[in-house]
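Q: Here is a sequence with its predicted model. Questions after.
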Amino acid sequence: MMGTLMPVLLSLLLLLGPSYPQETQTRPYSLTFLYTGLSKPSEGFPRFQAIAYLNDQAFFHYNSEGRKAEPLKPWSQLEGMEDWEKESQLQKAREEIFMVTLNDIMDYYEDREGSHTFQGMFGCELRNNKSSGAFWRYAYDGQDFIEFNKEIPAWVPLDPAAQNTKQKWEAEKVYVKRAKAYLEEECPGMLQRYLKHSKTYLDQQDPPSVSVTSHIAQGEKRTLKCLAYDFYPRGIGLRWTRASEVQGSESGGDVLPSGNGAYQSWVVLGVPPQDRGTYTCHVEHSSLAQPLTVLWGLPKAVERAQDVLAQVLGSGPAMSPRDPEQGFTATQGVRAGAVWTPASLGSRGTTEMQAPSGVLERMPRRIDRRPYFRSLCGGGRPLGEGRAPQFLFLPPELPAGRRQLTWLRPPDPQPPKIRSTNLGV
């Protein structure tokens, strides 16, 4: 066992790549690699998959079926960012090493027959042109397994069974030194090189579109929903006020991917049906020069129509607050201060735009540039072309030590549970 794992680890470390010169930048950026290996993949699932992220944007992917490192839009339109043939050879070597490691762990647990997952996540962050964090962690069968602490430096077991792995991976000092050098020097160097081509694009900010809707059903209070969507970066603030007094929201507040590279969030407020007060949704986002306010006040005719409808429907189907387009609603759409009425919140098309060679400038963020993947967490349901794996969550504004990763678990007849872990170093 020791004779197998030691050369495997050394080979992986030697494949992590060369260092590159630095350049000046002023905001935090991150480079993250996510590897996933499956011992017995279901039909349509790759046995191995690697995805690279700049901040929260996937820019290239590789899997065991195509065996080619392929840049994703809009990076696929660039020239000179990476030698993709060379990158493909590198990923092939990493795939072989990664899967050998998975088999070695299964041998250790004396279980070659079951379905198992092995995942690795490593990367670095730059802030004000200096390294501000790094992370390197592995998980086996949905549980934290082992991570590297570059401050000690040492591999830190996160499971009692990983003590054996730690002993093997630290049997030679060169393994630990190489891992530390990669996180502190080589990874930041690669990130600097990628930023030469991508910084302007990553700095792009897209203001939110905002929709305010209302509905009421018999015997229920009026529900107000404020939905912000198609914004980037991720951080946003939403709140309801009445007469300048902040109201406590009943639900919402989470920020979720929209599936097009942007994000969406909402807050829901319940008010008594007889309340005819004026409510305002306040939206704060880094792309806005000042907070955006969307006023909610039903015209009297609409109020009466909704009240009469609720009485007439009786025990009929209630309108769901999760579907603002169902039933009688009044909608205001606001984007960057302009008032408009969207035909449908879910019908925004994909836009493509030719980028200059070598450098990404400002482009529509609705370009779909994410890799194809079938999520085990979704019960094997295909996510469709251009969708990102659903087990990864990388808020770009969080420091590297607090990034969240949900590990995959082996597929079973029941939908597998998932568990979010803190990737502190």
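A: Good, I have the coordinates. The shown structure was predicted, so the numbers you read here are calculated from the model rather than taken from an experiment. Numbering: from 1, shown residues only.
Q: tell me the SS of Lys180?
A: Using DSSP: H, G, I helix; E, B strand; the rest coil, the three-state assignment for Lys180 comes out as helix.
Q: what number of residues lie near it?
A: 19 (other Cβ atoms under 10 Å). The C-beta positions use only the backbone N, C-alpha and C, and glycine is treated the same way.
Q: any idea of the pLDDT on it?
A: Reading off the per-residue confidence, Lys180 sits at a pLDDT of 94.
Q: Distance check, it against Ile146.
A: 15 Å (Cβ to Cβ, to the nearest Å).
Q: Buried residues, the strand or helix carrying Glu85. List them.
A: Assessed by DSSP states H and E, Glu85 sits inside helix 84-108. Along helix 84-108, the positions that meet the burial threshold by neighbour count (16 or more other Cβ atoms under 10 Å) are 84, 87-88, 90-92, 94-106, 108.
Q: So which residues of the chain form helices?
A: Secondary structure of the chain, counting by DSSP state H: helices at 2-14, 84-108, 162-169, 173-181, 187-203, 300-313.
Q: coming back round to it: for the helix holding Glu85, give the mean pLDDT please.
A: Mean pLDDT, helix 84-108: 90.
Q: With stretch 51-65 instead?
A: Along stretch 51-65, the predicted local confidence has a mean pLDDT of 93.
Q: how long is it from one end to the other?
A: Using Cα to Cα, to the nearest Å, the gap from the first to the last residue of stretch 51-65 comes to 14 Å.
Q: Which positions within it qualify as buried?
A: Buried residues in stretch 51-65, counted by 16+ other Cβ under 10 Å: 51-64.
Q: Same check on stretch 252-272?
A: 252, 255, 257-271.
Q: Then stretch 227-244?
A: Residues of stretch 227-244 classed as buried by neighbour count (16+ other Cβ under 10 Å): 227-236, 238-240.
Q: Kindly report the same for stretch 163-173.
A: Of the residues in stretch 163-173, 165, 168-169 count as buried by neighbour count, 16+ other Cβ under 10 Å.
Q: now do stretch 69-77
A: Of the residues in stretch 69-77, those buried under the neighbour-count criterion (16+ other Cβ under 10 Å) are 69, 71-75, 77.
Q: got these as JSON lines, with pLDDT and distance to Pro28 columns?
A: Written out in JSON lines, the entries for the buried residues of stretch 69-77 read as follows (pLDDT from 0 to 100; distance: Cβ to Cβ, whole Å):
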{"residue": "Ala69", "pLDDT": "93", "distance to Pro28": "26"}
{"residue": "Pro71", "pLDDT": "92", "distance to Pro28": "23"}
{"residue": "Leu72", "pLDDT": "90", "distance to Pro28": "22"}
{"residue": "Lys73", "pLDDT": "84", "distance to Pro28": "24"}
{"residue": "Pro74", "pLDDT": "85", "distance to Pro28": "21"}
{"residue": "Trp75", "pLDDT": "87", "distance to Pro28": "20"}
{"residue": "Gln77", "pLDDT": "83", "distance to Pro28": "25"}
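Q: closest to Tyr29 among these?
A: Among the buried residues of stretch 69-77, Trp75 lies closest to Tyr29 (Cβ to Cβ), at 14.7 Å.
Q: So for Arg366, what pLDDT did the model give?
A: In this prediction, Arg366 carries a pLDDT score of 41.
Q: Ok, the one 5 residues further on next?
A: For Pro371, the pLDDT comes out at 33.
Q: So which residues of the stretch 1-150 of the chain form strands?
A: Counting by DSSP state E, counting those that start in this stretch, the segments of the stretch 1-150 of the chain that form strands are 29-38, 48-54, 57-63, 70-71, 117-127, 130-140, 143-149.
Q: What strands line up against the third one, and which way round?
A: Partner strands and pairing direction for strand 57-63 (DSSP bridges) are strand 48-54 (antiparallel), strand 70-71 (antiparallel).
Q: Point out where this structure drops to low pLDDT.
A: Regions of the chain meeting the criterion pLDDT under 70 cover residues 1-26, 218-219, 249, 297-425.
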